[in-house]
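>>> Structure of the sequence below:
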Amino acid sequence: MKLIWFCLLAGVVPGCSETRVATFAPITLYTQFEQAPPVGVLEALQVEVESIMAPIGLRFQWRDLDKTGGHEVSAELAVVTFKGRCDAAGLSARSRFEGALGWTHVSEGQILPFTDISCDRVRQFTQSGLLAFRSDDRAAKYGRALGRVLAHELYHIFANTMRHGSIGVAKESYSTQDLLADDFLFQAKESRMLQTNRQRTAVENTAATMD
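Numbers count the residues shown, from 1 in each chain. Now for the predicted structure:
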């Protein structure tokens with residue numbers, strides 16, 4: 001199985017906003033954590049994904065994979081696995097980074113709706129920046145960073161593309177500032193790709209229901 005790797009480099013320009021469009025049917029996101037995150041981290045993660053995707057028309061229903069009964073029916077879904085420890089405790093003034101922050105699975109050239117996010121690597125990469133915030137704010141800032149990594153991987157899945165953008169959420173390489181800045185969105189080109197593929201998928205789903 002091949003993987004789309006999302007790696008980080010420094011010094012890249014953040015993205016720009018996109019005009020609000022019609023909303024599509026909700027997509028179900030099944031999440032599982034190797035270690036349960038603090039409530040503040042989980043809430044910030046979900047809010048950030050919604051805030052990035054909502055202007056494009058994408059909405060999500062969040063479900064805990066470990067609590068599903070196996071009988072749920074979803075027209076569209078993705079399964080997200082958060083690896084490692086997903087909290088902002090024990091930060092160090094020295095940030096370090098090895099490997100990808102997130103990756104989306106590909107099989108025989110087809111993008112699969114399965115994504116892994118490394119909580120440990122996101123924390124290691126951003127920890128020196130997180131220490132600049134008040135201790136009460138760090139969980140939310142860290143959760144927001146996780147949400148941005150997840151939004152990038154969801155872009156690959158729901159735009160059905162392995163390509164990256166030049167700026168914004170869809171770009172290949174992030175800086176610490178990208179993950180901790182107040183605003184970080186898709187640029188117009190990648191927003192249109194998501195919208196176009198969402199419209200195509202909605203038509204296909206409607207046709208399949210009518211068959």
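
>>> What ranges does the chain have for its helices?
39-53, 119-130, 138-158, 176-180, 188-210 (DSSP state H).

>>> could those be laid out in a markdown table, adding mean neighbour count and mean pLDDT?
Yep, even glycine has a C-beta here, placed from its N, CA and C like the rest. Output for the helices of the chain, formatted as a markdown table (neighbours: other C-beta atoms under 10 Å; pLDDT from 0 to 100):
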| stretch | mean neighbour count | mean pLDDT |
| --- | --- | --- |
| helix 39-53 | 20 | 97 |
| helix 119-130 | 22 | 95 |
| helix 138-158 | 24 | 97 |
| helix 176-180 | 19 | 96 |
| helix 188-210 | 15 | 75 |
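
>>> Those helices into a markdown table, with extra columns for distance to Arg96?
Below are the helices of the chain laid out as a markdown table (distance: least, C-beta to C-beta, whole Å):
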| stretch | distance to Arg96 |
| --- | --- |
| helix 39-53 | 20 |
| helix 119-130 | 5 |
| helix 138-158 | 15 |
| helix 176-180 | 12 |
| helix 188-210 | 29 |
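
>>> Now for the residue nearest to the spatial centre of the chain: which residues touch it?
Nearest to the mean C-alpha position of the chain, by C-alpha atoms, centre = their mean, lies Leu150 at 1.4 Å. For Leu150, the contact set (C-beta atoms under 8 Å, 6 or more residues apart in numbering) comprises Leu45, Val49, Val80, Gly102, Thr115, Ile117.

>>> For His156, see how far away it is.
11 Å (C-beta to C-beta, to the nearest Å).

>>> What of Ser128?
In terms of C-beta to C-beta, Ser128 sits 28 Å off from His156.

>>> just Ala88 next, same as before
26 Å.

>>> Same check on Val41?
Following C-beta to C-beta, the distance that separates Val41 from His156 is 23 Å.

>>> what's next to the lengthiest strand in the chain, contact-wise?
Identified as the longest strand of the chain according to DSSP state E is strand 110-118. With contacts defined as C-beta under 8 Å, 6+ apart, strand 110-118 is touched by 4, 76-84, 99-106, 146, 149-150, 153-154, 156-157, 160-162.
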